[in-house]
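Engineer: Just a sequence and a predicted model for now, questions to come.
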Amino acid sequence: MTHMPDRVPPRKTSRRTLLLATVGTTALGLTGCDIRLKKNAPDIPGIAAQGPPENQAALLALLAGVRAATTNDVPTSTSWVSRLAMMHRAQLTTLEAVMASEGIAVPAASVATSAPASSTSSPTSSTSSTAVTEPTAAQLLTIEKVGLTASLLSEVSKLTTSDLPMGAAVLATRVAATRLLGSPITLAPQSTPPTTAIVAVLPNLRAAVYGLETIIAKTPENARSRAQATLTVLYAARSSYEATAAGAAPVEPPGYDLPIQPTTDAARSRLAQQLLGTLVTTIASQVGQTHHQPAQFAGLVQLWGDVTGLSWQWGSTPAAFPGLL
């Protein structure tokens with residue numbers, strides 16, 4: 001009879017071996033599905049950790065600029081500095097809410113002063129904003145200008161489409177503020193927007209030119225400087241846009257029906273506000289055409305800001321997000 005060897009009893013698999021095999025199999029499966037770990041989770045080989053939120057860098061930069069221009073003092077005057085501070089405060093509230101909704105940590109505001117503290121200021125007047133007291137016009141002008149760099153414009157142009165209009169509007173108000181404060185900034189580098197955006201803007205740009213020319217004709221010669229300054233900006237934009245659009249430019253009508261007859265100073269101001277406000281809204285509607293195109297984005301923001309500033313000079317109330325709300 002053939003002798004059968006004794007059967008070797010099965011070796012027990014250690015718990016450690018099972019765990020290692022399970023982790024390895026899971027890691028391979030997750031890698032194939034491109035699943036990422038949550039932010040701040042411990043690293044596991046083969047699984048990519050989640051990076052920062054997509055809009056984080058641009059929104060943090062915008063937040064810093066707005067905070068620098070926002071005071072804690074309740075504005076006590078109707079000066080442009082006070083009115084701009086109120087506008088920036090509204091922007092700050094919206095920016096912080098948007099960032100929180102996107103999972104972006106909103107850094108605590110450090111307490112600093114943008115202007116020498118007043119001897120009459122209350123020591124408890126502020127706890128939440130970077131600027132404690134209202135700056136002078138010259139100080140605010142510096143604050144508005146200092147952050148409008150090519151790198152910031154490029155970063156904001158890459159915001160997701162849901163946040164791009166908001167970010168562009170914040171930059172446009174800073175351009176507008178430099179005009180109000182006496183030293184308009186020219187963003188660089190910049191180029192004209194795409195032809196599709198130009199074609200959309202031209203009709204209201206031409207209508208604004210026609211309306212301002214009519215306002216000048218109805219204004220006494222010694223009171224035309226504001227209208228002339230407005231036309232200087234509009235003429236330059238119209239020439240640039242028409243040259244870029246060339247044959248794609250819409251045919252201009254022989255005349256325009258003015259919504260308000262400029263027979264008095266008050267009526268002329270209301271007409272200018274309405275024409276410029278309509279133009280601002282049209283410009284804002286085209287910001288998506290410049291997505292991921294920093295130079296074209298800067299060119300659109302430039303006109304958006306310039307026309308916004310002009311409308312404020314004609315009496316429009318500074319809005320936190322002009323053309324959007």
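Structural biologist: Arrived safely. Numbers count the residues shown, from 1 in each chain.
Engineer: ok, how many other residues are close to the closest residue in space to Tyr235 that isn't next to it in sequence?
Structural biologist: Counting by Cβ to Cβ, 6 or more residues apart in numbering, Tyr235 lies nearest to Val209, which is 6.9 Å off, once chain neighbours are set aside. In short, each C-beta sits where N, CA and C put it, glycine included. Using other Cβ atoms under 10 Å, the number of residues around Val209 comes to 20.
Engineer: if I look at Val209, how far off is Ile143?
Structural biologist: Note on Val209: its distance to Ile143, by Cβ to Cβ, to the nearest Å, is 32 Å.
Engineer: Repeat that for Ala272.
Structural biologist: Look at Ala272 and Ile143: by Cβ to Cβ, they are 28 Å apart.
Engineer: per-residue confidence at Pro135?
Structural biologist: As predicted, Pro135 sits at a pLDDT of 83.
Engineer: Kindly provide the distance from it to Ser183.
Structural biologist: As judged by Cβ to Cβ, Pro135 and Ser183 stand 15 Å apart.
Engineer: For the residue nearest to Tyr235, give me its contacts.
Structural biologist: Contact analysis of Val209 by Cβ atoms under 8 Å, 6 or more residues apart in numbering lists Leu231, Leu234, Tyr235, Arg238.
Engineer: The same query, at a cut-off of 10 Å, please.
Structural biologist: Going by Cβ atoms under 10 Å, 6 or more residues apart in numbering, Val209 touches Thr230, Leu231, Leu234, Tyr235, Ala237, Arg238, Glu252, Tyr256, Leu275, Leu279.
Engineer: Kindly report the same for Ser154.
Structural biologist: Ser154 touches Ala58, Pro189, His292, Gln293, Pro294, Ala295, Phe297, Ala298, counting by Cβ under 10 Å, 6+ apart.
Engineer: Out of those, which comes closest to Thr244?
Structural biologist: Among the contacts of Ser154, Ala295 lies closest to Thr244 (Cβ to Cβ), at 12.9 Å.
Engineer: Find the residue closest to the closest one in space, skipping its chain neighbours.
Structural biologist: In space, Ala295 is closest to Ser191, 4.3 Å off (Cβ to Cβ, 6+ apart).
Engineer: Would you confirm that that neighbour contacts Phe297?
Structural biologist: Yes - counting by Cβ atoms under 10 Å, Ser191 touches Phe297, with 9.4 Å between them.
Engineer: These two: which has the busier surroundings?
Structural biologist: Neighbours were tallied for Ser191 and for Phe297 using other Cβ under 10 Å; the higher tally belongs to Phe297 (28 against 16).
Engineer: shouldn't that one be in contact with Leu171?
Structural biologist: Yes - at 9.0 Å, Phe297 counts as touching Leu171 under the criterion of Cβ under 10 Å.
Engineer: Identify the contacts common to Ser191 and Phe297.
Structural biologist: Joint contacts of Ser191 and Phe297 (Cβ under 10 Å, 6+ apart) are Thr290.
Engineer: one step back: looking at Pro135 and Ser183, which is more packed in?
Structural biologist: Neighbours were counted for Pro135 and for Ser183 using other Cβ under 10 Å; Pro135 has more, 21 against 13.
Engineer: which one is the residue most central in space within the chain nearest to, not counting chain neighbours?
Structural biologist: Centroid-nearest residue in the chain: Gly167, 2.0 Å away (criterion: Cα atoms, centre = their mean). In space, and not counting its chain neighbours, Gly167 is closest to Val156: 4.4 Å by Cβ to Cβ, 6+ apart.
Engineer: I'd say the one you found and Asp163 touch.
Structural biologist: Yes - in this structure Val156 lies within contact range of Asp163 using Cβ under 10 Å: 8.9 Å.
Engineer: if we can go back for a sec, if I look at Phe297 and Leu171, which residues touch both of them?
Structural biologist: Contacts common to Phe297 and Leu171, judged by Cβ under 10 Å, 6+ apart, are Leu153, Val156, Ser157, Leu187.
Engineer: Which pLDDT value belongs to the third one?
Structural biologist: What it means is Ser157. On pLDDT, Ser157 comes in at 98.
Engineer: And Arg268, by the same measure?
Structural biologist: On the pLDDT scale, Arg268 gets 98.
Engineer: Tyr256 too?
Structural biologist: So, for Tyr256, pLDDT stands at 95.
Engineer: hang on, the earlier thing: am I right that the residue nearest to Ala295 is in a helix?
Structural biologist: No - read with DSSP: H, G, I helix; E, B strand; the rest coil, Ser191 is coil and lies in no helix.
Engineer: Quick one: residues contacting it.
Structural biologist: Taking Cβ under 10 Å, 6+ apart as the test, what Ser191 contacts is Ser240, Thr244, Thr290, Gln293, Pro294, Ala295, Gln296, Phe297, Ala298, Gly299, Leu300.
Engineer: Now, of those, which are buried?
Structural biologist: Buried subset of those (neighbour count, 16 or more other Cβ atoms under 10 Å): Thr244, Thr290, Gln293, Pro294, Ala295, Gln296, Phe297, Ala298, Gly299, Leu300.
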